[in-house]
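Engineer: Quick check, what structure comes out for this input:
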Amino acid sequence: MNGPRPSPAVLHTPGFAHYSLAWSPFHTNRIALASSANFGLVGNGRLHLVSLTPGAGDGLTLDKFYETQDGLYDVAWSEVHENQLVTASGDGSIKLWDVMLNVSDTPDHDLMPDLPIRAWQEHTREVFSVDWSNLQKDLFASSSWDGTVKLWSPDRPRSITTLQAHSSCVYQALFSPHQPDLVATCSTDGTLKLFDLRSPSYAPTSNPAAFSTPLSSAVLTVPASGTEVLTLDWNKYRPFTLASSGVDKVIKVWDCRMIKTGPDAGQQAVGGVCETQIVGHEYAVRKVQWSPHRPDVIASASYDMTCRVWTMAPAAGRNQLLYIHDPHTEFVVGCGWSLYEEGVLASCSWDSRLNVFRV
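Structural biologist: A predicted model of the protein is given here:
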């Protein structure tokens, strides 16, 4: 890039390391931050609600925050209610919040702290991701270190479906933006999996009155890495195209239409073709996100303290790397594109800072 880079808008929240951020699908300037004390290892959490003031001197304002008893690892806005959002917690709980509730403004706030409007406690270990479907807008998904993915409706007291997705930690579960019944997951076992929610939850046995263990009924398993896969994302323009990355530091783009059947797969397809590999980060990649405005652009956040932007279609003789954002002083674990303004990207880090900048 030519010329000096404009300074990012910065919000500092001392004492709370940021784990994830989400732009509102309803408001152009509203961001939610999921944060944890003591880098998420022990202690409480906090949900921050932030506004971006647009213009030449972009700034960030902390509108309000909600305290939680355990660290928060992820956050997702409702697709049906502009003031509601859901959080994933280290104590295995999932909470639904309404940002218009102002209990903290009441005189007896000490006796009645800010509370979620609904809470669920089914996962047996940390909940590491939540994702709200933008096609089936009454559904959201959670994934946990207990190896399961659960589907929820905000109006129901219990989960709708449980997928025994992996044998170990499921770092992320995301609905397809193209097919309402498709969910992709990634795990410590080094695989990506695609689940079709129309498939039966249980596999019948020879005894018609009995059922087997809940089926890990993936329609496709992609052996994506020899080590942990920490993040994935669906391309917003190309169905069945996903990106993944993790401990191996390599961003990989997969065409999941190209399937081969493994010799021991039974009814389960194993394969997927790796279209592109992007090498450049120095440490594990914690987050990848495709641009909502361009099919060839992807952002990544890494333990190397940078957020980077890449293109899958570089001009002749040019590098895939488009931009490096490196003001953070700790692990960068989250990034997210503005849904309304092309080229605006946010990053969050364990340095307790949220940055919003223009690429």
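Engineer: low-confidence ranges in the protein?
Structural biologist: Counting by pLDDT under 70, the chain contains low-confidence ranges at 1-5, 39-41, 55-58, 102-114, 200-216, 258-268.
Engineer: let's see it at 80
Structural biologist: Scanning the chain with the threshold set as pLDDT under 80 gives 1-6, 39-43, 54-58, 102-114, 199-217, 258-270.
Engineer: Could you say which helix or strand holds Val10?
Structural biologist: Using DSSP states H and E, Val10 sits within strand 9-12.
Engineer: Can you pull out the residues in contact with that strand?
Structural biologist: Residues from elsewhere that reach strand 9-12 (CB atoms under 8 Å, 6 or more residues apart in numbering): 48, 50, 52-53, 58-62, 327, 352-357. Any C-beta I mention is one placed from the backbone N, CA and C, and that applies to glycine too.
Engineer: Around Tyr19, count how many other residues there are.
Structural biologist: Using other CB atoms under 10 Å, Tyr19 is surrounded by 28 other residues.
Engineer: Next up, the contacts around it.
Structural biologist: Neighbouring residues of Tyr19 by CB under 8 Å, 6+ apart: 34-36, 40, 71-74, 333-334, 348.
Engineer: how close does it get to Ala316?
Structural biologist: As judged by CB to CB, to the nearest Å, Tyr19 and Ala316 stand 39 Å apart.
Engineer: follow-up on the earlier one: would you mind listing which of the contacts of strand 9-12 are buried?
Structural biologist: By neighbour count, with 16 or more other CB atoms under 10 Å, the contacts of strand 9-12 hold 48, 50, 52, 58, 60, 327, 352-357 as buried.
Engineer: May I see those residues arranged in JSON lines, with secondary structure and distance to Pro116 as well?
Structural biologist: Output for the buried ones among the contacts of strand 9-12, formatted as JSON lines (DSSP: H, G, I helix; E, B strand; the rest coil; distance: CB to CB, whole Å):
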{"residue": "His48", "secondary structure": "strand", "distance to Pro116": "15"}
{"residue": "Val50", "secondary structure": "strand", "distance to Pro116": "19"}
{"residue": "Leu52", "secondary structure": "strand", "distance to Pro116": "25"}
{"residue": "Asp58", "secondary structure": "coil", "distance to Pro116": "31"}
{"residue": "Leu60", "secondary structure": "strand", "distance to Pro116": "24"}
{"residue": "Pro327", "secondary structure": "coil", "distance to Pro116": "33"}
{"residue": "Ser352", "secondary structure": "coil", "distance to Pro116": "23"}
{"residue": "Arg353", "secondary structure": "strand", "distance to Pro116": "26"}
{"residue": "Leu354", "secondary structure": "strand", "distance to Pro116": "22"}
{"residue": "Asn355", "secondary structure": "strand", "distance to Pro116": "28"}
{"residue": "Val356", "secondary structure": "strand", "distance to Pro116": "26"}
{"residue": "Phe357", "secondary structure": "strand", "distance to Pro116": "31"}
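Engineer: What segments of the stretch 201-350 of the chain are strands?
Structural biologist: Counting by DSSP state E, counting those that start in this stretch, the stretch 201-350 of the chain has strands at residues 202-204, 211-214, 218-223, 229-234, 241-246, 251-260, 269-278, 285-290, 297-302, 307-311, 321-325, 332-337, 344-349.
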